[in-house]
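> What would the 3D arrangement of this be:
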Amino acid sequence: MPVDGSDQRPACDAWDNSRCGGTAYCQPRCPRAFDDDGQPYVVRPSTADDRAPLVEMYDAMSLETTTLGLPPRTRERIERWLDGLADGGLNLLAVADDGVRGHVAAAPADASDPELVVFVHPDHRGCGVGTELLKQLVAYADAVGCESLVLTVDEDNERAVHVYDNLGFDVTERLRAEVTMQLALDGPLAARVKRPPAERRED
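Take a look at the predicted model:
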């Protein structure tokens, strides 16, 4: 798939990429993915055409899915927040035939240590989409020269903390109920997630 996301087909059941060795024209990580239920989707950079469906995804989230005040709770604030991420951040979407399944962003994109946020549509949580989005972000951030990725998470969000810990994020600060974690991109994960499908085992 082109790096610019010009092929907007969200999923392709006809192509088995398990033997693909990659090319010089591939994006940092193969866009084709499957959730834990075997359903296909792709991860690609967001475009201006994605704004409305992305707003709809966030507008569908309940209060229980918010963390540290994000995503914002009104449609107007969601739109302003997403506009800010689009202007200064690196934004990737998980997209399937049923629409946007998840969103990960790091901002500012030109910082050496941008801060990330990741959210998955309520209907697709717990299926591995969030983990794949994070691996994609690691690959993209490393490709553009970032040195690390930083995040802040609610300490009580044990599922999220577990995912970040498994990926190699280290706790750098604890403040009240918040935990700051950081992943250095000169470690093994960044190289591992950029392997083509034919070279992957469990990344």
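
> buried ones in stretch 144-151?
Neighbour counts using 16 or more other CB atoms under 10 Å place 146, 148-151 of stretch 144-151 among the buried residues. For every residue, glycine as well, the C-beta is placed using N, CA and C.

> any chance you could map the strands in the protein?
32-34, 40-45, 90-96, 99-107, 115-120, 148-154, 170-175, 178-184 (DSSP state E).

> Quick one, which of those gets closest to residue 52.
For the strands of the chain, proximity to residue 52 was assessed by CB to CB; strand 99-107 is nearest, at 9.9 Å.

> What is the distance between the closest one and the centre of its chain?
Here strand 99-107 is found 5 Å from its chain centre; the criterion is CA atoms, centre = their mean, to the nearest Å.

> Repeat that for stretch 160-178.
Distance, centroid of stretch 160-178 to centroid of chain: 17 Å (CA atoms, centre = their mean).

> neighbouring contacts of that stretch?
67-68, 130-131, 134-135, 138, 149-156, 179-183, 187-189 (CB atoms under 8 Å, 6 or more residues apart in numbering).

> Apply 7 Å and report the result again.
68, 130-131, 134, 151-156, 179-183, 187, 189 (CB atoms under 7 Å, 6 or more residues apart in numbering).

> any low-confidence regions in the chain?
For the chain, the stretches flagged by pLDDT under 70 are 1-15, 201-203.

> Tell me the spacing between residue 69 and residue 154.
Note on residue 69: its distance to residue 154, by CB to CB, to the nearest Å, is 10 Å.

> same check, this time on residue 181
Residue 181 is 12 Å from residue 154, by CB to CB.

> So the two - more neighbours on which side?
A direct count of neighbours by other CB atoms under 10 Å for residue 181 and residue 154 places residue 181 higher, at 21 against 15.

> Would you mind measuring from the more buried one to residue 113?
12 Å.

> quick one, what contacts residue 140?
28, 90, 92.

> Specify which member of the residues you listed is nearest to residue 193.
residue 28 (8.2 Å).

> So that closest one is in contact with residue 195, correct?
No. Residue 28 is beyond contact range of residue 195, at 10.8 Å (criterion: CB atoms under 7 Å).

> which of the contacts of stretch 160-178 count as buried?
130-131, 134, 151-153, 179-183, 189.

> and stretch 143-161, how far apart are its ends?
25 Å (CA to CA, to the nearest Å).

> next one: it to chain centre, how far?
11 Å.

> Same check on stretch 99-110?
Distance, centroid of stretch 99-110 to centroid of chain: 6 Å (CA atoms, centre = their mean).

> contact partners of that stretch?
Contacts to stretch 99-110, defined as CB under 7 Å, 6+ apart, come from residues 41, 50, 53-54, 57, 85, 88-95, 114-121, 124, 129-130, 133-134, 136-137, 141, 149.

> Brilliant, that's me finished.
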